[in-house]
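Engineer: Task: produce atomic coordinates for the following.
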Amino acid sequence: MSLWIPTIWMGIACSRSVSDWLSLNTGTITPDAVLEGSPVDRAVFVCLLAAGLGVLCARPKVVGILRANGPLLFLYFYCLISIIWSDFPATALKRWPKALGDVVMVLIVITDRRPLIAFRRLLERLSFVLIPLSILFIKYFPQLGMAWNPWTGGGEYNGVTINKNTLGAVCMVLGLGILWIVLGVWKEEKGAARTRQLIAYGAVLAMVVYLFMKMNSMTSLSCLVMAIILLLVASLRRTRRKPAILHLLLVSMVLTSVGILFLGLSPGALKAIGRNPTLTDRTIIWGQMLSLVQHPIFGTGFETYWLGPRLDAMWRLNPVLRPNEAHNGYLEVYLNLGWVGIGLLAFILVTGYRGVFKAWRNGDPRGPLLIAYFFAALVYNCTEAAFVKMQAVVWLFFLFTLVRAPGIFTRRSKAVSPETVARSPVAA
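Structural biologist: All right, here's what the predicted structure looks like:
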């Protein structure tokens with residue numbers, strides 16, 4: 001029953017806020033409206049966070065996991081401390097618990113009595129609702145499934161989300177998750193239950209492909225393709241005997257992506273993914289943002305750069321696009337948390353890299369998927385902002401790679417056990 005708490009939390013993050021679902025945000029969005037936020041959304045998240053904390057307080061595993069995740073907790077502590085020098089401390093103080101709630105929801109899944117089954121059920125519930133519903137909105141309710149794109153001046157497909165980039169991120173993380181489940185089911189003994197599950201999961205993957213064909217989310221699609229390669233390679237037994245192959249593949253993919261995006265390594269490849277040398281005007285906006293930075297060491301404070309005069313200035317410079325994020329996760333951290341935040345993020349990325357590979361080599365059934373999620377987050381944040389960001393889809397699933405769970409996922413666990421199959425909603 002407790003698994004429904006993170007399911008609802010992540011379901012909102014992967015779709016729309018409650019106020020958007022209730023059509024309460026119908027007015028013109030202004031800097032003051034962004035500053036105030038929605039009281040309805042706030043009430044919903046407070047209730048979910050309180051319920052989540054109540055669940056964790058009753059689980060003895062939590063203490064050990066918290067001790068093993070000092071760097072990540074210190075990053076969130078620094079985010080809290082940064083509220084002191086923020087010019088919008090009240091707003092930052094409202095947003096920080098929501099960001100902490102992302103960690104709480106991940107911990108609920110990991111500390112479940114059957115964590116592997118809980119993790120799979122979470123992926124199933126989100127995928128079997130959000131992906132088909134997105135297609136339903138796009139085909140039959142365009143007033144819900146489509147929106148105006150200021151970048152192109154035309155329509156875009158957003159499904160259950162509020163923009164195509166979020167829908168692309170949802171398809172990327174859930175598509176990887178369902179593919180990981182399929183690889184596990186494929187190894188099971190042949191039978192009617194296995195066939196039904198492969199058909200059901202295959203249908204979801206086909207829907208993901210369909211959505212990528214409809215929307216123009218090249219960042220998510222590029223990350224998904226490369227992450228699938230990593231997932232498949234990491235799933236091979238021979239790769240575990242020679243982990244250097246996987247290290248080399250991941251690093252080469254990251255360096256190639258950075259070279260194409262920022263160093264002009266292959267203009268043809270950049271054009272093929274729908275980008276120009278300015279990355280669809282992103283580099284222009286980056287220059288404007290950096291010119292407004294006043295505190296490079298410590299930043300403006302947690303989640304408060306895009307507020308007040310700075311947001312108003314950026315909207316005056318870009319009246320059509322009206323950006324509300326850096327479209328680069330590393331820059332976003334710098335704007336909000338400064339060089340100190342960048343240093344903490346770098347440390348977490350290094351320890352996270354070591355952690356996911358250690359889990360993979362130790363036989364964590366999630367290992368190949370965690371490696372794929374880790375890589376996808378690194379590259380995705382080159383052109384989108386999803387690091388240390390409250391309720392960002394990619395950050396939510398990236399947390400599964402960062403949170404260490406010593407002794408919980410062991411070599412004895414199976415990616416898809418007979419018990420999992422029997423209790424799967426698909427099998428039922």
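Engineer: which secondary structure elements does the helix or strand harbouring Ile348 contact?
Structural biologist: With the criterion set as DSSP states H and E, the secondary-structure element containing Ile348 is helix 329-361. Taking 3 or more Cβ pairs under 8 Å, 6 or more residues apart in numbering; DSSP states H and E as contact, the helices and strands that helix 329-361 lies on are helix 70-81, helix 243-262, helix 282-291, helix 367-380, helix 393-402. Bear in mind the C-beta positions are built from the backbone N, C-alpha and C, glycine included.
Engineer: Comparing these, which comes out most buried?
Structural biologist: Each of the helices and strands packed on helix 329-361 was assessed for mean neighbour count using mean count of other Cβ atoms under 10 Å. The highest is helix 367-380, with a mean of 26.
Engineer: Flag the shaky bits of the stretch 151-300 of the chain, pLDDT-wise.
Structural biologist: Counting by pLDDT under 70, the stretch 151-300 of the chain has low-confidence residues at 151-153, 274.
Engineer: ok, 80 please
Structural biologist: 151-154, 264-280 (pLDDT under 80).
Engineer: where do the helices sit along the stretch 1-150 of the chain?
Structural biologist: Along the stretch 1-150 of the chain, counting by DSSP state H, counting those that start in this stretch, helices occupy 4-13, 18-21, 31-36, 39-57, 61-67, 70-81, 89-110, 115-140, 142-145.
Engineer: and the second one, how far out from the chain's middle?
Structural biologist: Think helix 18-21. Between the mean C-alpha point of helix 18-21 and the mean C-alpha point of its chain there is a distance of 20 Å (Cα atoms, centre = their mean, to the nearest Å).
Engineer: Then stretch 306-317?
Structural biologist: Going by Cα atoms, centre = their mean, the spacing between the C-alpha centre of stretch 306-317 and its chain's C-alpha centre is 26 Å.
Engineer: neighbouring contacts of it?
Structural biologist: Taking contacts as Cβ atoms under 8 Å, 6 or more residues apart in numbering, the residues outside stretch 306-317 that touch it are 31, 34-35, 87-88, 91, 285, 288-289, 292, 300, 322-325.
Engineer: Over to stretch 234-242?
Structural biologist: The contact list for stretch 234-242 (Cβ under 8 Å, 6+ apart) reads 183, 233, 245-246, 360-361, 367-368, 371-372.
Engineer: before we move on, back to that, show me which of the contacts of stretch 306-317 are buried.
Structural biologist: When neighbours are counted using 16 or more other Cβ atoms under 10 Å, the contacts of stretch 306-317 contain these buried positions: 31, 87-88, 91, 285, 289, 300, 323-325.
Engineer: returning to what we had before: identify whichever of the helices and strands packed on helix 329-361 lies nearest to Met172.
Structural biologist: Between Met172 and the helices and strands packed on helix 329-361, the shortest gap by Cβ to Cβ is with helix 367-380, which sits at 6.3 Å.
Engineer: Could you name the helices and strands sitting against the closest one?
Structural biologist: The criterion is 3+ Cβ pairs under 8 Å, 6+ apart, and the helices and strands that helix 367-380 contacts are helix 164-186, helix 218-234, helix 243-262, helix 329-361, helix 393-402.
Engineer: could you dump the ones you listed to TSV with distance to Phe128?
Structural biologist: Compiled in TSV, those are given as follows (distance: least, Cβ to Cβ, whole Å):
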stretch	distance to Phe128
helix 164-186	9
helix 218-234	19
helix 243-262	30
helix 329-361	26
helix 393-402	17
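Engineer: who wins for proximity to Trp4 among the ones you listed?
Structural biologist: Each of the helices and strands packed on helix 367-380 was checked against Trp4 via Cβ to Cβ, and the shortest separation belongs to helix 393-402, namely 16.2 Å.
Engineer: Show me what the closest one is packed against.
Structural biologist: Here helix 393-402 touches helix 4-13, helix 89-110, helix 164-186, helix 329-361, helix 367-380, going by 3+ Cβ pairs under 8 Å, 6+ apart.
Engineer: what distance separates the second one from the centre of its chain?
Structural biologist: Going back to what we said before, that points to helix 89-110. Averaged over its C-alpha atoms, helix 89-110 has a centre that lies 14 Å from its chain's centre (Cα atoms, centre = their mean).
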